[in-house]
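Student: Dropping a prediction and its sequence here:
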Amino acid sequence: MLWAVAAVALIATPAVAQSGDLSGTWAFQTQPYGDQQFGVVMSGVAIATASAPNRYDIRLIANELIIERASGRSQTITARQTCTGEDAGGQFNITCQMAEPVEGYEPDNFVLQRGEADQLVGVLSSATSGQVTFTRVR
């Protein structure tokens, strides 16, 4: 009987360890943000690969839709970024650098916490800020 309990514990251990793993493909979207002149929504994808315990290398593509409030004109800016992620004490910090320069675009940073199943929620903290949700795609 004791052997059976030990076997179940050994089998369950990898699943528990993997449940904290943030590796994978994540889709993300912000709530609308901006100012009196412009409304902005950002969405994109982040691919996270474990590089060390609690650390990740992340490739991130952000699409920022900018709408001029007065005219309704819009433009989309796409930014490719290389990022590092650190899972520290229940907070997942993503710090990015531009992989390809985009005029007038600052690298994005995110401060996230675990939300509901397969979600990370928090804030975009860059040239501006807004609420953001990351959802695991795979």
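Tutor: Good, I have the coordinates.
Student: which residue ranges form the strands in this protein?
Tutor: With DSSP state E, the ranges of strands along the chain come out as 24-30, 33-34, 38-52, 55-68, 74-88, 91-98, 109-114, 119-125, 129-136.
Student: Rebuild those as CSV, extending it with mean pLDDT.
Tutor: CSV is the format used below for the strands of the chain (pLDDT from 0 to 100):
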stretch, mean pLDDT
strand 24-30, 98
strand 33-34, 94
strand 38-52, 98
strand 55-68, 98
strand 74-88, 97
strand 91-98, 98
strand 109-114, 98
strand 119-125, 97
strand 129-136, 97
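Student: Would you mind giving those as TSV with mean neighbour count added?
Tutor: Any C-beta I mention is one placed from the backbone N, CA and C, and that applies to glycine too. Shown next, in TSV, are those (neighbours: other CB atoms under 10 Å):
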stretch	mean neighbour count
strand 24-30	18
strand 33-34	16
strand 38-52	17
strand 55-68	17
strand 74-88	16
strand 91-98	17
strand 109-114	18
strand 119-125	18
strand 129-136	17
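Student: wait, isn't Ala62 in contact with Gly44?
Tutor: Yes. The criterion here is CB atoms under 8 Å, and Ala62 meets it with Gly44 at 4.2 Å.
Student: so who does the residue nearest to the spatial centre of the chain touch?
Tutor: By CA atoms, centre = their mean, the mean C-alpha position of the chain lies nearest to Phe134, the distance being 5.2 Å. Residues counted as contacts of Phe134 (CB atoms under 8 Å, 6 or more residues apart in numbering) are 26-28, 46, 110, 112, 119-121.
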